[in-house]
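Participant: Build me a model from this:
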Amino acid sequence: MEKYRPKNILITGAAGFIASHVTNWFTRNYDYKIVVLDKLDYCSNLKNLDPSQSLPNFKFVKGDVCSADLVYHILATEAIDTVMHFAAQTHVDNSFGNSFEFIKNNVYGTCVLLEACKAIGHIKRFVHVSTDEVYGETDENAVVGNHEASQLLPTNPYSASKAGAEMLVMAYGRSYGLPVIITRGNNVYGPHQFPEKLVPKFILLAMQGQPLPIHGDGSNVRSYLYCEDVAEAFDTILHKGEVGHIYNVGTDEEKRVIDVAGDICRLFSLDASSVIKFVENRPFNDQRYFLDSRKLKNLGWSEKTKWDDGLRITMEWYVRNPEWWGDVSAALHPHPRMLSFPMLGKDHHKGEVGASPSDQDCREKGSINVGKSRL
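Facilitator: Residues are numbered from 1 along each chain as shown. Modelled structure (predicted):
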């Protein structure tokens, strides 16, 4: 099958963790015009895009994917032919505390983007980024993971919102012929990740000599992919993926949460038995997620970074950049509710190009605030 070749790509949520690595991958390896849209929420950081900021094929737009006028304007004026939709609220703990924000951002925001793409009429690829959590729990004894046609059984507000967004994406593909592709990925780790997530949280706590809080008994199993491997997976899916298809992005290497904590303790020469602290579990905590990624591997992608290597690289990055996110003390809580702390983390938005006291008003009105760009 002939490879797809985009010209002008819109990447939403690009100042966040995964999307920033994907953005930097594409600006580094291709001459496509990359336009990124991000409202700079608490878990976004313009510094994540530093490798791309000075490149001639990069443009940053500060704004909200929920702003219909803004989204349509970008698609029209930038002649966007490809959309990679990463923007979302993603942390399960937050979804237990403020599920409304997840429905608004993940479902309504996706609908706004789909409507704009339908109206503009020249989109050739719409890659929607979802999660393995839409499948719900995998049986503890399962030898083969969930495949792309497995039933969706989300168990928390976050995964339910992502499943709902997927339904919209597939509906627009079927009803309007929008050329959609959906991805469902395992957990991702690496440099630049906001420390509400397990790996960076444990690294920062270990650096500070604080206990590592584990939900329940720590037996929950997760699969972890290194960020650069995931960026390469999106490269493969964009260029080789088939319209109307779903692709799992996963690894066969699984880790119990307590084992992740133990591995981080070893990196810091800490006694795990004295550092690990068991805390109250989530309202519901899926025991295991396990994906069958053979479909993606058949396109030529393969995981390259072993867990021990990726974890060491990640740890070394946080040791070198302890203040990357500013004050994240609230995120290091065993059960963070970051959406309840609207003033948290303003440090990591300081120095942004084009920022002004009226940024919030601009986002709500759909105005464009363009950051560093040479387009």
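Participant: what's stretch 317-325 in contact with?
Facilitator: Residues outside stretch 317-325 that contact it (Cβ atoms under 8 Å, 6 or more residues apart in numbering): 45, 47, 190-192, 194-195, 200, 203-204, 207, 331, 345, 347-348. No exception for glycine: its C-beta is placed from N, CA and C like everyone else's.
Participant: For it, what is the distance to the chain centroid?
Facilitator: Put simply, stretch 317-325 sits 19 Å off its chain's centre (Cα atoms, centre = their mean, to the nearest Å).
Participant: Now do it: distance from first to last residue.
Facilitator: End-to-end distance for stretch 317-325: 13 Å, by Cα to Cα, to the nearest Å.
Participant: List the buried residues in that stretch.
Facilitator: The neighbour-count check on stretch 317-325 (16 or more other Cβ atoms under 10 Å) flags 317-318, 324-325 as buried.
Participant: Was I right to think His122 contacts Glu78?
Facilitator: No - the criterion here is Cβ atoms under 8 Å, and His122 misses it with Glu78 at 11.5 Å.
Participant: which of those two has more neighbours?
Facilitator: A direct count of neighbours by other Cβ atoms under 10 Å for His122 and Glu78 places Glu78 higher, at 16 against 10.
Participant: who's in contact with the more buried one?
Facilitator: Residues in contact with Glu78 (Cβ under 8 Å, 6+ apart) are 8, 10, 33, 35, 59.
Participant: so the second one sits right up against Phe86, yeah?
Facilitator: No - applying Cβ under 8 Å, one finds Leu10 not in contact with Phe86, separated by 10.6 Å.
Participant: Between those two, point out the one with more neighbours.
Facilitator: Leu10 (28 against 25).
Participant: one step back: tell me the one among the contacts of stretch 317-325 nearest to Thr236.
Facilitator: Of all the contacts of stretch 317-325, Gly190 has the smallest distance to Thr236: 18.0 Å, by Cβ to Cβ.
Participant: Can you pull the poorly scored residue ranges out of the protein?
Facilitator: For the chain, the stretches flagged by pLDDT under 70 are 90-97, 284, 337-375.
Participant: Wasn't Arg222 part of a strand?
Facilitator: Yes - using DSSP: H, G, I helix; E, B strand; the rest coil, the assignment for Arg222 is a strand.
Participant: ok, what's across the strand from it?
Facilitator: Here Arg222 sits in beta bridges with Lys255, as judged by DSSP bridges.
Participant: Quick one: residues contacting it.
Facilitator: For Arg222, the contacting residues are 186-187, 198, 254-255, 257, 260, 288-289, by Cβ under 8 Å, 6+ apart.
Participant: Show the end-to-end separation of stretch 207-222, please.
Facilitator: Taking Cα to Cα, stretch 207-222 runs 23 Å from one end to the other.
Participant: Equivalent analysis for stretch 278-285, please.
Facilitator: This stretch, stretch 278-285, spans 14 Å end to end (Cα to Cα).
Participant: repeat for stretch 212-223
Facilitator: Distance across stretch 212-223, first residue to last, is 19 Å (Cα to Cα).
Participant: any idea which of the buried residues of stretch 317-325 is the one closest to Leu267?
Facilitator: Tyr318 (10.5 Å).
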